[in-house]
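In: I'd like to go over a predicted model; first the sequence, then the structure.
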Amino acid sequence: MTRSANLGFPRIGLNRELKKALEFYWKGESDATALHATAAQLRARHWSLQREARIEVIPSNDFSLYDHVLDTSVLVGAIPPRFADIADPDTRYFAMARGTDAAPAMEMTKWFDTNYHFIVPELYRGQRFALNAGKPLDHFREARALGLVTRPVILGPVSFLSLAKAKDDGLDPLDLLDALLPVYAELLAQLRAEGADWVQIDEPVLVLDLSGKQQAALEKAYAALGKAGPDILLTTYFGDLRDNTELAARLPVAGLHIDLVRAPDQLDAVLAALPADKTLSVGVVDGRNIWRTDLDAAFGLVSRVWDHIGPDRLEIAPSCSLLHSPVDLQAETALDDELKSWLAFARQKLDEVSALAIAQKRGRGAARAAFEASAAAIATHRASPRIHRPEVKARAAQAITLDRNSSFASRREKQRARFNLPAYPTTTIGSFPQTKDVRQARAAFKKGQLDQAGYDAFLEQQTESAIRIQEELGLDVLVHGEFERNDMVEYFGEQLDGFAFTRNGWVQSYGSRCVKPPVIYGDVSRPAPMTVRWSAFAASLTDRHMKGMLTGPVTILQWSFVRVDQPRAETCRQIGLAIRDEVLDLEQAGIGIIQIDEPALREGLPLRRADWDAYLRWAVDCFRLSASGVADDTQIHTHMCYAEFNDIMPAIAAMDADVISIETSRSDMELLEAFRDFNYPNEIGPGVWDIHAPRVPDQADMEALLHKAGQGIAPGQLWVNPDCGLKTRGWPEVKASLQNLVAAAKALRLAAAG
Ligand SMILES: [Zn+2]
């Protein structure tokens, strides 16, 4: 019979109980027993929610105290040597995730194209693996004690090795497959012995461009594991199998899961390739966005599969783990009913999966209420004037030139004449310390304990003080400090039409850190200027140049839940137009230097190389749209961080920002090589202060970095600035570091003059 299934549930808890328990434990305010008790309560609650939603296949081992990839490193005994001496397993686990004084944390990076971050496995030459199956076995037993036979979730060996980093030169983690497979086989045998009939093995690498070696590794792994224990559901998500379809279909496992939300078009090819005895799990409910499912459309898709393979081999599921979705829409008391009717969080998504399975088994009438509610919501959504605003669409459809009026060379002359900056001009990336005072004042204002006038007076005083500090330090281009901003996306979203904000729509970003992305639900426009008041106020206090600070359209898009009823490019263009209006208002207010941050530009890259160009084209166009309206002597800056630039240099150059600041100090200027090799024509501020490291950099260190940057980048192209914004730092280190930074710039000027 057709079965309803889930692939993973959010771990953090409706009220972020896990976050709080972790942070208490880390501070030493609670012990491991209390932490594990909270974790067990959360698992029990989540299993029971899934059972209430009538999900028939419920996962276990999807829970993690920090990260499921870190759990996999522990599971297979891949403990980096610097942590091997820590005897207590909890202490060691969190040391691997967060580091200790003696041992730096393992690296963290983004999980495919989500905003979830995983701990990168570290592998060494001669790496030995050993099974440490405690967690999956314990969680399986824990669920069984509650009356549930769960389907354990395991990250597959080929994805694990593909995501790992070799810590020895010349080592390819995939070469360790032979050593790793016996550990997996043993795990499967133990799960089988415990009573698991099925396991879910995630191999998300199957949606990537695979090397021949990876393909061979998949063949080998599943030849070994396919018959070793319980039936395997091989799980893929976040994209289409494309050229890996044949491979995924023929691997000797019992079932295959495909993502039909991200990639509905792959269905025919998968059905054609699927062997006649294999279960197909279809992901038809979006596991990583917040929109309600069109149940009629999803039912149509499911029915096509049913026609093809019959009812017995069919599973209905979310597209991927619900890890990337907030927990429960019912907790949203501040959203209006209409908007709420368009949304579904994890609990509601399970109800959708369940309704589809019931309709498949017993006819649509058996899930009539769910289908009717879905159809009604989809109909109001389609027609709503809150979503579709003809004037916004009409404006976005107009052709607007994306080019500045003149070439960079000619703009540069006019900007030099206007600003008369010294060589190696100094600036910062925008934000200054968000001290306890700043956070307390904002909280008091939000609670109504501080009125608008009182809050504004506080912000004015903070801004003025930041300007005096910058003047005393001798910085050339000042910023207002962004004390009025909580977050670089939320601050803008709150002032734009088409955005909504949840109270509790938290999604895990990494460990205990959660984010609450804005919801872009409708056509985006800017009803009024957003930043001009603070930039103009700041400029009025000083004779020095003041830089206006904006978040770019791609970053606002990337860090929000985005509507799916129109292409992302279209939504991004609307945001680009709103930012363009803001840029022009800043210019009008006399702000001659305007920075449009795009730290998330690279994050938006599609998983497949073949799709990169199309994305980069519209992403760069949206940035250019936001920036291209200004006069030649208005200087546009942009800022990017945490990015490799080598493979997207033409796109970065095409943005045509007059100045780009980038994070480079941690890589010892290596990231600058791409700009040098490309002969990047515009100006560059390679960060000379790693603001994430808690130390004040010496003047000599920064001079050395600038000398290094100067090998290949002309002195006239270079700016001097920190790596990133300073909101997480404290004032004493900010002052000391910036003093050294200004001194380093002056020393270079002197040397150049002499
Ligand atoms: Zn940054």
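Out: On my side now, so go ahead.

In: Tell me where the stretch 51-200 of the chain has helices.
Out: Assigned by DSSP state H, counting those that start in this stretch, the stretch 51-200 of the chain shows helices spanning 68-75, 89-98, 134-145, 157-163, 177-194.

In: could those helices go into a markdown table alongside distance to the ion?
Out: For the C-beta atoms, the positions are set from N, CA and C on the backbone; glycine is no exception. As requested, the helices of the stretch 51-200 of the chain are exported to a markdown table (distance: least, CB to the ion, whole Å):
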| stretch | distance to the ion |
| --- | --- |
| helix 68-75 | 25 |
| helix 89-98 | 21 |
| helix 134-145 | 36 |
| helix 157-163 | 24 |
| helix 177-194 | 37 |
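
In: Buried deepest among those helices, which one?
Out: Neighbour counts (mean count of other CB atoms under 10 Å) averaged over each of the helices of the stretch 51-200 of the chain peak at helix 157-163, with a mean of 24.

In: Mean pLDDT for the helices of the stretch 51-200 of the chain - can I get that in JSON lines?
Out: Formatted as JSON lines, the helices of the stretch 51-200 of the chain follow (pLDDT from 0 to 100):
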{"stretch": "helix 68-75", "mean pLDDT": "98"}
{"stretch": "helix 89-98", "mean pLDDT": "96"}
{"stretch": "helix 134-145", "mean pLDDT": "98"}
{"stretch": "helix 157-163", "mean pLDDT": "98"}
{"stretch": "helix 177-194", "mean pLDDT": "97"}
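
In: which residue sits closest to the residue nearest the centre of the chain in space, ignoring its chain neighbours?
Out: For the chain, the residue nearest the mean C-alpha position is residue 115 (1.9 Å; CA atoms, centre = their mean). Sequence neighbours aside, residue 509 is the residue nearest to residue 115 in space, at 5.9 Å (criterion: CB to CB, 6 or more residues apart in numbering).

In: any idea how far the ion is from that neighbour?
Out: 16 Å (CB to the ion, to the nearest Å).

In: likewise residue 607?
Out: Taking CB to the ion, one finds residue 607 at 24 Å from the ion.

In: before we move on, the earlier item: who touches the residue nearest to the centre of the chain in this structure?
Out: Neighbouring residues of residue 115 by CB atoms under 8 Å, 6 or more residues apart in numbering: 324, 507, 509, 515, 517, 559, 603.

In: what about the fifth one, neighbour count?
Out: This points to residue 517. By the measure other CB atoms under 10 Å, the count of residues near residue 517 is 23.

In: which residues sit in contact with it?
Out: Contact analysis of residue 517 by CB under 8 Å, 6+ apart lists 115, 489, 505, 507, 559, 560, 561.

In: Next: the third one.
Out: For residue 509, the contacting residues are 115, 116, 117, 515, taking CB under 8 Å, 6+ apart as the criterion.

In: got the phi/psi numbers for the spatially closest residue to the last one that is not a sequence neighbour?
Out: If I follow you right, that is residue 515. Computed as CB to CB, 6+ apart, the closest residue to residue 515 that is not its neighbour in sequence is residue 509, at 4.8 Å. Dihedral pair for residue 509: phi -100, psi -50, per degrees, to the nearest 10.

In: Kindly provide the distance from residue 509 to residue 323.
Out: For residue 509, the distance to residue 323 equals 11 Å [CB to CB, to the nearest Å].

In: what touches both of these two?
Out: Common neighbours of residue 509 and residue 323, using CB under 8 Å, 6+ apart, are residue 116.

In: how about the residues of this structure near the ion?
Out: Within the chain, the positions lying close to the ion (CB under 5 Å from the ion) are 641, 724.

In: Now do whichever residue of the stretch 451-600 of the chain sits closest to the ion against residue 586, distance only.
Out: Here the residue of the stretch 451-600 of the chain nearest the ion is residue 599; by CB to the ion that distance is 5.1 Å. Distance, residue 599 to residue 586, by CB to CB: 20 Å.

In: got the contact list for the residue of the stretch 451-600 of the chain closest to the ion?
Out: 555, 639, 640, 641, 642, 643.

In: Can you classify it by secondary structure?
Out: Following DSSP: H, G, I helix; E, B strand; the rest coil, residue 599 is assigned to coil.

In: Spatially, what comes nearest to it if we skip its sequence neighbours?
Out: Nearest residue to residue 599 in three dimensions, chain neighbours excluded: residue 641, at 4.9 Å (CB to CB, 6+ apart).

In: Run through the residues that contact that neighbour.
Out: Residue 641 makes contact with 599, 662, 663, 723, 724, according to CB under 8 Å, 6+ apart.
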